[in-house]
Every structure is written in C-alpha cells, then in structure tokens.
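Chemist: here is a sequence together with a model predicted from it:
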Amino acid sequence: MRYAMAIDTKKCVGCSDCVVACQTENNVPIGYCRDWVVEATSGTYPDLSMELRSERCNHCTNAPCVRCCPTEASHIVEGGIVLVDPDQCIGCKACIASCPYDARFVHPEGYVDKCTFCIHKVEKGEDPACVEVCPTKCMYFGDTDDPNSDISKLLKKRKWKTLIPEAGTEPNIYYLI
Amino acid sequence: MIEELIISGRMNPEIDPHLHAWPWYVPTDLFLAALVAGILIFSAFLTLHGRENEFPAAVKRAPILAPFLLGIALLLLFLDLSHKLYFWQLYTNIRWTSPLSWGAWTYLFLTPLAFIWAAIHIKTAFPNWTWPYKWIDTFIESLKGYRIWFAWAILGLSLTLGMYTGILLSAFNARPIWNSAIIGPLFLTSGLTSATAFILLNCPKGSNEKKLFCTVSLISLGVQTFLMIHLVMGYLSSDLAQVKAADLFLGGEFTTLFWILIVALGTLIPAYLHILYLKNIKIPVIVPSILIILGGFFLRYILVEAGQISHW
C-alpha cells in the first residue's frame, strides 16, 4: 500500500480552504501551517503562465528526514505516511534542515510537527481534511499501489510532475499539469 | 523566469522567510568539538609515537582544557534542542544513517576519556596539583599504565568527532551549500589547524616545540586552503542550485564575511605571520593563533548560516 495525493493545478483556484481545514482538523497552533498554497508565475511578460499549488509534506519514499533522525521519532508507517512521534522527538531540527520542501516546523511544545495526511481519518477510510474540503475538488487521495484506485487511474491518464525531483526524495504528492 | 509566492500566508517560525532552525549554538558546538578533536588527536598521536617529553604542550598541557571545552560543546548541543526533556532518547537508539546519532554516541564515549586524559596529565601542567583524596591520586596513577590504550581510543574517537562536525552538514542534500563531501575533511583539517593554534598558545617561549607546531600549523593552513578552493570549485562545477549557492560567497551576502574573516584574517595573515616567525622575525605567536582560532569559528558560523539560506 502506498498512499499518495494528486493535486490538479488546472482546477486549483488558490482559495486556501485546504490550509484552514488542516489547521482546524489538526488543531495546528495559531501562526503555523502544515500546508500552504503557492502561486508560481513563469515566463516573461507578456508571455506568462501561472500555476496554483497546494503544498505540504511530500511523504517521500526516500525520506531524508527519516534517515537523519537520531531517535527514530521520524518514521514511516504502513502506507508510506511519514510521521513524527512527539514522545521520541528531541527537537534537534536535523529533519527540518534535511527537508528540501521546508515542510516541517517546531511545534510550540518543542517537538517537530508536519502534515500527517490526517492519518486519524485515513485509518477510518476517510480522506484527509484538505481533500474533503476542497471546493473545486482538485485534490485526490488514495493508494497508488492499487491499479484500480482513482488516483492510479488519474496518474495514468494525466500528465503530472513532482516537486524538486532532482533532490531524489521520491515524493508522493503529484501535481497534475 | 519562475517566481513563486506563498499566497496562503505561511510564516512558520524558524522556517520563513528562510530556514533559521540552527542559531549560533550549532556552529559554536561544531567548532569546539573540532578544536577538542584536533587537540586530542595531536596528544594521542604523539603519545603513541613515544614523544611525550619532546612535546609537553601538545601532549600534556593543551588536553587539560579539552574536557571542559567538550562539556561546553555538549551544553550548547543540549541548549539547541527544542524538546529538551526528551534528550535521553538520543541514547536509546543507534541510527547509523543519522550523523547526529553517531555524533552523540562519540561525545558519550569521548567525554569521560578526555577527563581521564586530562587527569593523567594534570600534574605536568600544574606541578603543585594535589587531589583532595588519596584514593583519587592512587586511581589516576594506576590509569597511567593504560595510557597507550587510552591514546588509541582517543585517537579513533577524536578522528570520528572531527569528521562528524562536517558530515553532520554534508549529509543534508536539501541545502546545496552543505551538500559537499569536502566539508567533512575540511572541518577535520580546520579542527587540526585550530588545535595547532591552541597548542602554540601553550608552548613556552623559544621552544623547539613552538617552531615545530608553527610549521605544522602552516602545513595545516595550506591543506585547509586547498580544501576550501576545491569546495568552491565543486559548487561552481555542479548543478544550478550549487552554482547559485556559491554566489553567496562570490558576490552575495556572505562575500565580505567569507573573504575577510575566513580567507584573509583566518588563513592568509596567520600563514604569513607564521612564515615570518619561522624566519626568526619576532612575532608574538598569540596574534596568528587567535586569528586562526577565530577563523575556525567563523568558517563554521558562515557555512551554517549560508547553508540554511541556500535551497533548491
């Protein structure tokens, strides 16, 4: 089983509902974000193109944060979801420095925090909060190891990219382009 | 051209606008660890070659401060942790893929050995030294018989510690400035250079040991310069992220600090002063020594700061 998320950049309108839903669902402290929306503009005026992307931890298959963690606080659970155990985290911030996506932060209580793919919902067969709340239905979540899942079919049908593939982290967030 | 903006207003502390997770504690810890590693490497190496009496400053006097410097380094490492009460988790795991893990274990084994090494040699540094209890004196005297074994252990652990200070950074592929295999040997060499400067401060005036360590310091500065040139060459011949990262030192915001504090004051001027000293021109050795030690500190400080700014 390999959980992944696909985000349709053609449908995302950058409303940031995913950000608010995550903060509410996961009780993220005020002033912190586990996910965020990026507006990327490329080209030279007047030939410009814009892309909107909802970003978060990429739950990488080859996760540098897990490798460099000295206490096994950062670990990968079944389904490939990368988690942090607050009771094992010493707050050395090595995982923060190792993440090319800057997806982690220090929770005010001292441990390192980040997106969990809303594992408490996923375990119940539900989608993560950001996926559930998206008003344009541009986010898809599922098992890419299952060829019949919606996300697998979508990734076969559409062109996609991942962020900073040259870092070699094998991210599991796909952006449909 | 691509311009990216976070439009949902992310401002995570220590992450935005750019990474600043590791404040001055970390480069200071790395510097002190490398300095101690250098001091202990020289002391253990000369002991193993049976030249303890020829080099009293390097073998016996300089290591007296090593355990205290190591203690400060450990304290800084602890202060940097944001979840301090859980620090003991470091010693419930051995993670071979984590440089921080084997660094922590190296600290654990080296610190008591550094204290023992200092205790063995303290009477040479302070001839009037007396231990408060007779049994401590007897115990320390009995340890002297094992000093060759201690020297081997200290040599191995100090080499690991000196190398670890650089590998800790170079293991982070996410930060183009740190992602270079040269940082490990560079930090080890810089630690040895700083140690030669520290030993020079402990050498008696006009001694042969002083002259010899001046030469060793000069050679070490040469190797350090060679590695720094290759570090920059490595950046410039790599991918776009590293080419851009090198710009931080070649015209960007760290240019002045890098060239003045590390290259000029920390390397070239002390090297020149060492050459003058070796040509029997009166130079107070304290000047190049302090410059080298400060240069070693700023090398780590600037690389840690620049590394956090550099990104893919």
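Modeler: Cool, got the structure.

Chemist: in the stretch 151-300 of chain B, what residue lies closest to chain A?
Modeler: B:Ala174 (3.8 Å; Cβ to the nearest Cβ). The C-beta positions use only the backbone N, C-alpha and C, and glycine is treated the same way.

Chemist: and what of the stretch 1-150 of chain B?
Modeler: Counting by Cβ to the nearest Cβ, the stretch 1-150 of chain B gets nearest chain A through B:Ser82, at 3.1 Å.

Chemist: leaving out chain neighbours, which residue sits closest to that residue?
Modeler: A:Gly91 (3.1 Å; Cβ to Cβ, 6 or more residues apart in numbering or on different chains).

Chemist: part of a strand, is that neighbour?
Modeler: No - applying DSSP: H, G, I helix; E, B strand; the rest coil, one finds A:Gly91 to be coil, outside a strand.

Chemist: mind checking how far the residue of chain A most remote from its centre is from A:Thr9?
Modeler: Taking Cα atoms, centre = their mean, the residue of chain A most remote from its mean C-alpha position is A:Pro46, at 32.3 Å. Distance of A:Pro46 to A:Thr9, given as Cβ to Cβ, to the nearest Å: 21 Å.

Chemist: wait, what's in contact with residue 38?
Modeler: In the absence of a named chain, this looks at chain A. A:Leu52, A:Arg53, A:Glu55, B:Glu4, B:Leu5, B:Ile6, B:Ile7 (Cβ atoms under 8 Å, 6 or more residues apart in numbering or on different chains).

Chemist: actually it's chain B I care about, not the one you picked
Modeler: B:Gly38 makes contact with B:Ser158, B:Gly162, B:Gly191, B:Leu192, B:Thr193, B:Ser194, B:Ala195, B:Thr196, B:Phe198, according to Cβ under 8 Å, 6+ apart.

Chemist: can the residues you listed go into a markdown table with extra columns for pLDDT?
Modeler: Rendered in a markdown table, the data for the contacts of B:Gly38 read as follows (pLDDT from 0 to 100):
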| residue | pLDDT |
| --- | --- |
| B:Ser158 | 97 |
| B:Gly162 | 94 |
| B:Gly191 | 96 |
| B:Leu192 | 96 |
| B:Thr193 | 97 |
| B:Ser194 | 97 |
| B:Ala195 | 97 |
| B:Thr196 | 96 |
| B:Phe198 | 96 |
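
Chemist: out of these, which are inside strands?
Modeler: Judged by DSSP state E, the subset of the contacts of B:Gly38 located in strands is empty.

Chemist: among those, which are in reach of chain A?
Modeler: Among the contacts of B:Gly38, no residue lies close to chain A (Cβ under 8 Å from any Cβ of the partner chain).

Chemist: which residues of the stretch 201-312 of chain B lie near chain A?
Modeler: Residues of the stretch 201-312 of chain B that fall close to chain A, judged by Cβ under 8 Å from any Cβ: B:Asp239, B:Ala241, B:Gly307, B:Gln308, B:His311, B:Trp312.

Chemist: so the closest residue to B:Trp259 other than its chain neighbours: helix, strand or coil?
Modeler: Nearest residue to B:Trp259 in three dimensions, chain neighbours excluded: B:Phe249, at 7.8 Å (Cβ to Cβ, 6+ apart). Secondary structure assignment for B:Phe249 (three-state DSSP): coil.

Chemist: let me see the contact set for B:Phe249.
Modeler: Contacts of B:Phe249 by Cβ under 8 Å, 6+ apart are B:Val232, B:Thr255, B:Phe258, B:Trp259, B:Ala306.

Chemist: looking at the residues you listed, spot the one nearest A:Cys65.
Modeler: B:Ala306 (21.4 Å; Cβ to Cβ).

Chemist: list the buried residues in the helix or strand containing that closest one.
Modeler: Using DSSP states H and E, B:Ala306 sits in helix B:286-309. For helix B:286-309, burial by neighbour count (16 or more other Cβ atoms under 10 Å in any protein chain shown) applies to B:288-289, B:291-309.

Chemist: just how off-centre is that helix within its chain?
Modeler: 10 Å (Cα atoms, centre = their mean, to the nearest Å).

Chemist: convert it to PDB, retaining C-alpha atoms only.
Modeler: The C-alpha coordinates for helix B:286-309 follow below in PDB (Å, rounded to 0.1, in the frame of the first residue of the first chain):
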ATOM      1  CA  ILE B 286      49.400  34.900  20.200                       C
ATOM      2  CA  VAL B 287      48.400  37.000  17.200                       C
ATOM      3  CA  PRO B 288      48.300  34.300  14.400                       C
ATOM      4  CA  SER B 289      47.000  31.800  17.000                       C
ATOM      5  CA  ILE B 290      44.000  33.900  17.900                       C
ATOM      6  CA  LEU B 291      43.300  34.700  14.300                       C
ATOM      7  CA  ILE B 292      43.400  31.000  13.300                       C
ATOM      8  CA  ILE B 293      41.000  30.100  16.200                       C
ATOM      9  CA  LEU B 294      38.600  32.900  15.300                       C
ATOM     10  CA  GLY B 295      38.900  31.900  11.600                       C
ATOM     11  CA  GLY B 296      37.900  28.300  12.500                       C
ATOM     12  CA  PHE B 297      34.900  29.500  14.400                       C
ATOM     13  CA  PHE B 298      33.700  31.800  11.500                       C
ATOM     14  CA  LEU B 299      34.300  29.100   8.900                       C
ATOM     15  CA  ARG B 300      31.600  27.100  10.700                       C
ATOM     16  CA  TYR B 301      29.400  30.000  11.600                       C
ATOM     17  CA  ILE B 302      29.200  31.300   8.000                       C
ATOM     18  CA  LEU B 303      28.800  27.800   6.500                       C
ATOM     19  CA  VAL B 304      25.900  27.000   8.900                       C
ATOM     20  CA  GLU B 305      24.200  30.400   8.200                       C
ATOM     21  CA  ALA B 306      24.700  30.300   4.400                       C
ATOM     22  CA  GLY B 307      23.600  26.600   4.300                       C
ATOM     23  CA  GLN B 308      20.300  27.500   5.800                       C
ATOM     24  CA  ILE B 309      19.700  30.200   3.300                       C
END
